[in-house]
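Undergrad: sequence unavailable; structure follows:
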Ligand code: ADP
Ligand code: MG
């Protein structure tokens, strides 16, 4: 049974998509069978992996609401062991349509259940909101990775997210765990970056990943080439950091591979 990990933070621009696509690709490089689900109408994971969202007609959302078959929309990517459930822009407005459905928070869990045993890891890229699709992702997930940008107001909104996670644990998904808080866009030269690292580690010691993702220009360039950084700049700092994160998560879950 694959481990389902949601990448969530209702704050935009903190590195969710960068983390979803590069963590998924790194797990695949380490030969874990991995699926990344793009659950954001901005479809950045879809385009970042080289697919045109305008050509996508069916996403996870149609599987949740119209009972389309998820098996028919999984695409294999250029990276061995990495598959994608793409997104498209029409997901906007989706949440309004969902409001009247029965068990509307549990639709994604049902859809993922159908394909879960084919993967070691299923990574869900969430949108910058705590709306119904994100609630669905957190209800479907075993755990959540929370990217936090090493910037001003890094911790802003984190309380609300942690509170939402608590509510989901109580009402919908008692098994949901926090896989970890991930510090992103760290710049060793900036005092501010170091202050954020200290602050986050002070408040959330046991929850923070050892791996820190540096600010790295290849990480921001690779999506425009339709590639995760492990393919675009395999030995660079960004790729190494995400491979370390993949190893850290695999080890934490008792799935580390022998070297
Ligand atoms: P989110 O999905 O949370 O909105 P993104 O992953 O799209 O955030 O990141 C926001 C912007 O920052 C993007 O332009 C992305 O390329 C860039 N970015 C993310 N992580 C890094 C990093 N470690 N180094 C440099 N740029 C990054
Ligand atoms: Mg995003």
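TA: Perfect, thanks for sending it. Computed from a predicted model, the values in this text were never measured in an experiment. Ligands and ions are numbered 1, 2, ... in the order given.

Undergrad: contacts for the helix or strand of the chain at the bottom of the mean pLDDT ranking?
TA: Scoring the helices and strands of the chain by mean pLDDT, DSSP states H and E places helix 94-98 at the bottom, with a mean of 79. Identification of contacts with helix 94-98 by CB atoms under 8 Å, 6 or more residues apart in numbering yields 41, 61, 64, 65, 104, 107, 131, 132, 133. (Each C-beta comes from the backbone N, C-alpha and C, glycine too.)

Undergrad: buried stuff in it?
TA: Across helix 94-98, burial judged by 16 or more other CB atoms under 10 Å covers 94, 95, 98.

Undergrad: next one: that helix to chain centre, how far?
TA: Counting by CA atoms, centre = their mean, to the nearest Å, helix 94-98 is centred 21 Å from the centre of its parent chain.

Undergrad: could you pull out the helices for the stretch 51-200 of the chain?
TA: Using DSSP state H, counting those that start in this stretch, the helices found in the stretch 51-200 of the chain span residues 60-65, 94-98, 107-113, 132-140, 158-171, 191-203.

Undergrad: any chance of the ones you listed in a markdown table, plus distance to ligand 1?
TA: Formatted as a markdown table, the helices of the stretch 51-200 of the chain follow (distance: least, CB to the nearest ligand atom, whole Å):
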| stretch | distance to ligand 1 |
| --- | --- |
| helix 60-65 | 16 |
| helix 94-98 | 18 |
| helix 107-113 | 18 |
| helix 132-140 | 12 |
| helix 158-171 | 12 |
| helix 191-203 | 11 |
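
Undergrad: now those helices as a markdown table including distance to ligand 2?
TA: What follows is the helices of the stretch 51-200 of the chain, written out as a markdown table (distance: least, CB to the ion, whole Å):
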| stretch | distance to ligand 2 |
| --- | --- |
| helix 60-65 | 15 |
| helix 94-98 | 16 |
| helix 107-113 | 17 |
| helix 132-140 | 12 |
| helix 158-171 | 15 |
| helix 191-203 | 20 |
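
Undergrad: can you tell me which of those is most buried?
TA: helix 132-140 (a mean of 25; mean count of other CB atoms under 10 Å).

Undergrad: who touches it?
TA: Contacts for helix 132-140 (CB under 8 Å, 6+ apart): 4, 6, 8, 10, 37, 39, 61, 64, 91, 94-95, 98-99, 104-109, 111-112, 124, 126-127, 144, 164-165, 168, 172-173, 176.
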